[in-house]
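Colleague: turn this into a structure:
(one chain, ligands or ions: 1)
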Amino acid sequence: MRSQILGTGHFLPDTVRTNNDLAQLVDTSDEWIRERTGIRERRIAPLDIQNSDMAAGAAKRALEAAGVPANEVDLIIVATVTGDHPMPATAVLVQQKLGAPNCPAFDISAACAGFVYALAIADAFIVTGRARRVVVVGSELLSRVVNWQDRGTCILFGDGAGAVVVGPQEDESDRASALLGTSLHTDGSLAGSLMIPGGGTAKPVTAESLDAAENKVFMRGQDIFKVAVKNLTSTCREALVKGSIDIDQVDWLCSHQANLRILDQVASRLGIAPEKVLTNIDRVGNTSSASIPILLDENVRSGKVRKGDTVLMCGLGAGISWGSALIRL
Ligand code: UT7
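Modeller: Prediction:
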């Protein structure tokens, strides 16, 4: 028994913040941001939109695409590091907004690798027969935890959500839709390279910690950049081995959108042609756990990625945690 993706969806807030808008806030320029990251603009959620609203919006679209009514959902997993509240999980608010009563719903925290982690968990529930209709969401409201005075981080991030519905494989032929392989890793020795140091129980919020912006994203960008290229390449190779798929058989690389230079280097090391690399970083920036499912859904809806295509997904972020998933759509 294997699992497969039954439908995809995404939600992006309407408000656009351009690089020139950021140049009004910090000492930066459109040229620097485009050259160093590939980003032109990102979406920002207005204050009346919460993470769970975006997550539920993406999940509803994925359920519609899958033809699955909300009352058939038997598990909801939300990958996020910017949940509505420290407690309860954002997934419970998504359950309420979807109207999927009494199914288990929980969050997982693996930052930019969160979507592939959540997909691997959904797969484990399905192949062991514990669930039949799983909603997997990656959703982030990073604009509320970004330090808008730190030019090293605020230029990168944006808000949004993406979702898939996962179910058991319906047809077991060789070319059938399936999740073919996953690979997950964490290296906790690099935890300090990308974190929100305050606001948790280790450093509860105080007036001093707020002044020091300890409740905002802190990142050593160069450290992350170097490990990203190496680890994303190796995790993709592991998923290909698990799926018994040669790199030439991959139709699309659907990677976490952290930096266009990281994407280019990973694709080149893997030997994937540039025209097979999906990107939307120029329009949405880095949306952490949401970036892979947003990118996937945009390309499914545009008709570029089609049923039967082989898609290699990978992500790396705070933890550091990283992973990949190989699917035949
Ligand atoms: O998704 C989660 C995982 N995160 C990532 O994968 C992010 C990985 N890291 C990166 O994408 C890059 O490291 C950044 C885009 C964050 C930074 O790019 P970089 O090429 O590594 O720049 P840098 O930090 O080495 O800084 C180079 C110079 C510095 O100036 P000096 O010291 O050479 O004078 C920075 O102060 O660029 C300066 N700088 C900027 N200048 C204009 C840093 N940020 C900016 C900015 N605008 N926004």
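Colleague: who are the packing partners of the helix or strand hosting Asn20?
Modeller: Asn20 is part of helix 19-22 when elements are defined by DSSP states H and E. Helix 19-22 sits against helix 30-37, with contacts defined as 3 or more CB pairs under 8 Å, 6 or more residues apart in numbering; DSSP states H and E. To be clear about C-beta, it is placed using only N, CA and C from the backbone, and glycine gets the same treatment.
Colleague: give the buried residues for the helix it packs on.
Modeller: Judged by neighbour count (16 or more other CB atoms under 10 Å), helix 30-37 contains these buried residues: Asp30, Ile33, Thr37.
Colleague: so which of those residues are also by the ligand?
Modeller: Here is what survives when these are matched to the ligand using CB under 6 Å from any ligand atom: Ile33, Thr37.
Colleague: could I get the buried residues of helix 30-37 as TSV with distance to Arg261 and pLDDT?
Modeller: Below are those laid out as TSV (distance: CB to CB, whole Å; pLDDT from 0 to 100):
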residue	distance to Arg261	pLDDT
Asp30	17	98
Ile33	12	98
Thr37	8	98
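Colleague: just give me the closest of the buried residues of helix 30-37 to the ligand.
Modeller: The ligand has its nearest neighbour among the buried residues of helix 30-37 in Thr37, at 4.8 Å by CB to the nearest ligand atom.
Colleague: surely the closest one and Leu156 touch.
Modeller: Yes - at 6.4 Å, Thr37 counts as touching Leu156 under the criterion of CB atoms under 8 Å.
Colleague: near the ligand, which residues of the stretch 101-250 of the chain are found?
Modeller: Cys112, Arg151, Gly152, Ile155, Gly221, Gln222, Ile224, Phe225, Ala228.
Colleague: list residues touching both of Thr37 and Leu156?
Modeller: Both Thr37 and Leu156 are in contact with Asn259, where contact means CB atoms under 8 Å, 6 or more residues apart in numbering.
Colleague: just to revisit the earlier point, among the residues of the stretch 101-250 of the chain next to the ligand, which ones are in helices?
Modeller: Mapping those onto helices (DSSP state H) picks out Gly221, Gln222, Ile224, Phe225, Ala228.
Colleague: ok, and the closest non-adjacent residue to the fourth one?
Modeller: Pointing back at Phe225 there. Ile262 (6.4 Å; CB to CB, 6 or more residues apart in numbering).
Colleague: related to what we said a few turns ago, is the helix holding Asn20 up against the ligand anywhere?
Modeller: No - residues of helix 19-22 contacting the ligand under CB under 6 Å from any ligand atom: none, with a closest distance of 7.7 Å.
Colleague: restrict the helix or strand the residue nearest to Phe225 falls within to CA atoms and write it as PDB.
Modeller: Assigned by DSSP H and E, Ile262 belongs to helix 260-270. This file holds the C-alpha atoms of helix 260-270, laid out as PDB (Å, rounded to 0.1, in the frame of the first residue of the first chain):
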ATOM      1  CA  LEU A 260      17.300  31.500  -6.100                       C
ATOM      2  CA  ARG A 261      21.100  31.000  -5.800                       C
ATOM      3  CA  ILE A 262      20.500  28.000  -3.500                       C
ATOM      4  CA  LEU A 263      18.000  26.600  -6.000                       C
ATOM      5  CA  ASP A 264      20.300  27.000  -8.900                       C
ATOM      6  CA  GLN A 265      23.200  25.300  -7.100                       C
ATOM      7  CA  VAL A 266      21.100  22.400  -5.900                       C
ATOM      8  CA  ALA A 267      19.700  21.800  -9.400                       C
ATOM      9  CA  SER A 268      23.100  22.000 -11.000                       C
ATOM     10  CA  ARG A 269      24.600  19.500  -8.500                       C
ATOM     11  CA  LEU A 270      21.700  17.100  -9.000                       C
END
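Colleague: I'd like the average pLDDT over that helix.
Modeller: Per-residue pLDDT over helix 260-270 has a mean of 98.
Colleague: tell me the buried residues in that helix?
Modeller: Leu260, Ile262, Leu263, Gln265, Val266, Ala267, Leu270.
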